[in-house]
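> give me the fold of what follows.
(chains A, B and C)
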Amino acid sequence: MKQLMFDDKDAFLAKLRELLAAGTKPEQIVVCTPVPVHEAMKLLQVPESKLRWFTFVGAFTGLLSGFGLTIYTVWSWPLITGGKPLVSLPPFTIIAFELTILFGAVLSLLGFMFLSRLPVVKQIVTPVETGNQYAIFVEEDR
Amino acid sequence: MKAFFDKVERDVLAGMKKPGVAYWLSLLAAAGCFGIGMACWGWQIYSGMHVSGKNNPVGWYMYITDFVFWVGIAHSGTLISAILFLFRAKFRKAFNRSAEAMTVIAVMTAGLFPLIHLGRVWFFYWLMPYPNQRLLWVNFRSPLVWDVFAVSTYLTVSALFFYVGMLPDLAIARRLVSGPRQWLYRILSLGWNGTARQWNHYERLYMFLAAFATPLVISVHSVVSWDFAMSVIPGWHTTIFAPYFVAGAIFSGCAMVITLVVPMRKFLHLEEYITLDHFEALAKVLLFTSLIVSYAYILEFAMAAYSGNLFEMAHFKFRMFGNFREAYWLMVFCNVLLPLTLFVRKLRRNIPYLVVLSLFVNVGMWLERFIIIVTGLAHDFDPYAWGNPNLSWIAIGITVGSFGMFFMFFLMFVKLLPVVAITELKEEHAHETAHV
Amino acid sequence: MKRLPLLVACAALVVVVQLDKSGTHLLSVLVGMALAMGGVLVVAAAELSNAKWIAPVKRPLLAVAPVLFVFPLLVKVAPYPWLAHENAWLRRDFFVARDVVALLVVAIVGNLFRRASLAESAAKGKWAVAYILTFAAVKTLIAMDWVMSFDYPWVSTMFPVLYMVECFCAGLALLGLICFARRQSDGILADTATLLFGFALFWGGLYFAQYLTIWYGNLPDEVGFYTRRFAIRGGKCLFASNAILLFGIPFTLFLIHRARQNVRVVSVVSLMILAGLLVSRFFHIRPYVHIHLGLLVIQLVIMLGVIAATVYRERRQ
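Model prediction:
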């Protein structure tokens, strides 16, 4: 594993371009940066994040659960309270709205952890710190 | 650029060094107040709800005031982190971390109050919808249940947002803070090391959480306001409560941010990162929300007079000239008149003035909730049902205890976690220098 | 385009409105007012929040400000039920006087702001604040006087707030249409679409809040507002389409990232918002006003034509 450290972002990007031009495959390169570097992401052909599907599924599940919970429970023991109809949509919309946000947010976090392969146990137990330097790790060809 | 990165880290993490005498004394004072609050609550559970000052007709008194107050404080944290993020307002980066911490702690504090307000607090779990042997379910048509969902969601999502925002900074703390605390940061940072893939998904996640938190903020305080608006008594049953309460929440929350950040900035020597310009921006938000609250006060009164509704007019007359008139006029002074001074630029940039003003605003906003709740209940339709709450030292003790809890947790946050969003400041710096 | 045709059109509008006894003018004038006041409001908000992205489109947006001077002349008493038993506040002469003065004041302040903003003078922030405060007061008065008074003594404290937010949405819709006219497809379009999305959501929340409070309380003197309007044929349809046009469609469409970057989608959504505004005003005044379709068409064409012409003249900076 080749490890290259740079203090300066431009030098880091120049070396990255050089490596890719020399034939190194993007899958062999891992970069660690203190701040997100979008040029590096483009160079390494990082695909657009699929996180939004997790978010959408979570939010949609929340919406269905909200209405499902409220309507099922009110049919299960039909009690008229306050003269309101049994299935009263305005209040149930509020519950569904809150659950949409709750499930959407939680599933987004779980999706993020899954997509980024976090937590990385090795990094927790024996952290390898690159600090404020821009690091390139190249997997050597076997 | 690396020099700046290293400097920011050093300066911010310096705040997490071994604390001095001033810190321990403040923590002791806060913990002391918290202890008083807990003791009062214990006494209330032991002797019964009569010690809380609640009675008929004023069945909601200081605990509900405190609940709405603390939920309100929580809101401006999310405004600063999430809403200002979506508006791409750069000035938020100096204090969004502290504001988010304030949000989480305030929601936790607020969440205690429905429990304190309950008589049989050990049955609090009956508020949650769980399948049970008696086939009972909560009444989803009740605003109190909407509260359960809204506040729980708010606590979860704001904690998530706080944690996610801190993830890269926790990795910095893992690198630079030694000692037993390091294990905390190692675990919490999940082994983050800033790979391109991680950053890619992280930026998306942060944006989605901000996009979720924004309607959540508005809906949570709207739901809290509907605790009152869904009733039929004059002064409570009015359609404007949702935006009025949200604006009031942001107002009181921004004041609390100023109250917290000014001493924090001084004691942790962060003057370079939290500047006068940041405070002026906060002051402008304070002024804007104060104008909205003033508009709501005037509009409610004007509508009552315009409609000719006997009960509405009587209610507003009671608010202004009845038993609680001193509290009412103090509230008007603190919320409407005093913030108007922020039209003067010199005052907006005067930190001691802002601190004093923010204290007055906090008092004024607490009083506003108190006035709405108590005058609404004390003086509704039937004169035979009018009444006053009893003065309660237990309720005052618990209120003091909630402030103690809030400051105690905030002080703990200051020493355990980075108080400024280091990575965001680095990003801003990198962005600015790249365009030179 | 010279100024004379515009002045002639405005004069024609004033004549048509003043001769209109049916109350139809409320629809056209309110929509025009929302566009004109809203356009200036969007720029004022942008100036105060240091939103530099609006600079290229400031001139066309502010071009509607002179149209504000026409509105004081369009004050006409519609067939209000309270005319039969006037009181201290709701009476013909005071009604006309206060509305004319209010609209004149907002026209003056709006145009002074326009001048300060286009000149990039140091005082533009102060004038922005002045305009916003004046707008709030005047729009509240207009909403209460022109529309809410039909149902007197019914009140809803949210009513003027909804009108103010709808004004802002109309201003954003105008911005969207300006982007279309200029074939803008960059950051300005994305920001406009995001703002439209956000304010559609905000409006939806406020609209829901008003309905929920009245529905939940179920008080006979409050519920009448909705039941009177639902009882008329097509009332529920209007109510639903109002919500769909101002919230449903903008919200769901702009969830899709690509839709926010497509100038055609943004302009269609903008038109839907303006249509939604018309539907909303129609829903509000329907039980009391017999809409004269011919007059409505003439007034709308002139009103929107004048606004479109003033903006179109300055579409290129």
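
> what sits against residue B:207?
By Cβ atoms under 8 Å, 6 or more residues apart in numbering or on different chains, the residues touching residue B:207 are residue B:85. Backbone N, C-alpha and C define where each C-beta goes, glycine included.

> that one and residue B:82: what is the separation?
Distance of residue B:207 to residue B:82, given as Cβ to Cβ, to the nearest Å: 10 Å.

> now residue C:60
Taken as Cβ to Cβ, the span from residue C:60 to residue B:82 is 32 Å.

> helix or strand: which one has the spatially most central residue of chain A?
Geometric centre of chain A, nearest residue: residue A:112, 2.4 Å, by Cα atoms, centre = their mean. Here residue A:112 sits within helix A:89-115, counting by DSSP states H and E.

> which secondary structure elements does whatever helix or strand comes next after that helix contact?
On the C-terminal side of helix A:89-115, the closest following helix or strand by DSSP H and E is helix A:121-125. Packed against helix A:121-125 by the contact rule (3 or more Cβ pairs under 8 Å, 6 or more residues apart in numbering or on different chains; DSSP states H and E) you find helix B:181-188.

> quick one: is the helix it packs on near chain A?
Yes - interface with chain A: helix B:181-188 contributes B:186-187 (Cβ under 8 Å from any Cβ of the partner chain).

> tally of neighbours for residue C:9?
By other Cβ atoms under 10 Å in any protein chain shown, 17 other residues sit near residue C:9.

> the residue nearest to the centre of chain A touches residue A:51, doesn't it?
Yes - assessed by Cβ atoms under 8 Å, residue A:112 is found in contact with residue A:51 at 6.0 Å.

> what is in contact with the two at once?
What both residue A:112 and residue A:51 touch, as defined by Cβ under 8 Å, 6+ apart, is the set B:201, B:204-205.

> what's the closest of these to residue B:42?
Nearest to residue B:42, judged by Cβ to Cβ, of the shared contacts of residue A:112 and residue A:51 is residue B:205 at 41.7 Å.

> pretty sure the closest one is touching residue A:112, no?
Yes - Residue B:205 is within contact range of residue A:112, at 4.3 Å (criterion: Cβ under 8 Å).

> who touches both of the two?
A:51, B:164.

> how about the nearest residue to residue B:300, chain neighbours excluded?
The spatially closest residue to residue B:300, leaving aside those adjacent along the chain, is residue C:157, at 5.8 Å (Cβ to Cβ, 6 or more residues apart in numbering or on different chains).

> where does pLDDT dip in chain A?
Scanning chain A for pLDDT under 70 picks out A:142.

> just how off-centre is the helix or strand residue B:305 falls within within its chain?
Following DSSP H and E, one finds residue B:305 within helix B:276-307. Centroid displacement of helix B:276-307 relative to its chain, using Cα atoms, centre = their mean, to the nearest Å, is 18 Å.

> and the gap between the residue in chain A sticking out farthest from the centre and residue C:29?
Ranked by distance from the centre of chain A (Cα atoms, centre = their mean), the top residue is residue A:83, with 45.0 Å. Residue A:83 sits 40 Å away from residue C:29, going by Cβ to Cβ.

> from what I can see the residue farthest from the centre of chain A touches residue C:218, true?
Yes - judged on Cβ under 8 Å, residue A:83 makes contact with residue C:218 at a distance of 6.6 Å.

> just list the residues touching residue C:46, thanks.
So residue C:46 contacts C:53-54, C:58 (Cβ under 8 Å, 6+ apart).

> revised request: answer the last question for residue C:31.
So residue C:31 contacts C:170, C:274, C:277-278, C:281, C:300, C:303-304 (Cβ under 8 Å, 6+ apart).

> same check, this time on residue B:311
Residues in contact with residue B:311 (Cβ under 8 Å, 6+ apart) are B:234, B:380-381.

> secondary structure element for residue C:174?
Going by DSSP H and E, residue C:174 is in helix C:158-181.

> what does chain C have sitting close to chain A?
Neighbours of chain A within chain C, by Cβ under 8 Å from any Cβ: C:208, C:211-212, C:215-216, C:218.

> tell me the residues of the stretch 301-436 of chain B that contact chain A?
So far as Cβ under 8 Å from any Cβ goes, the stretch 301-436 of chain B lies against chain A at B:423, B:426-427, B:430, B:434.

> in ChimeraX, how would I select just the buried ones from these?
This is how ChimeraX selects the buried members of those, with burial counted by 16 or more other Cβ atoms under 10 Å in any protein chain shown:
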select /B:423,426,427,430
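
> could the residues of the stretch 301-436 of chain B next to chain A go into a markdown table alongside secondary structure, pLDDT and distance to residue A:15?
Putting these into a markdown table (DSSP: H, G, I helix; E, B strand; the rest coil; pLDDT from 0 to 100; distance: Cβ to Cβ, whole Å) gives the following:
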| residue | secondary structure | pLDDT | distance to residue A:15 |
| --- | --- | --- | --- |
| B:423 | helix | 93 | 23 |
| B:426 | helix | 91 | 21 |
| B:427 | helix | 90 | 22 |
| B:430 | helix | 87 | 18 |
| B:434 | helix | 76 | 17 |
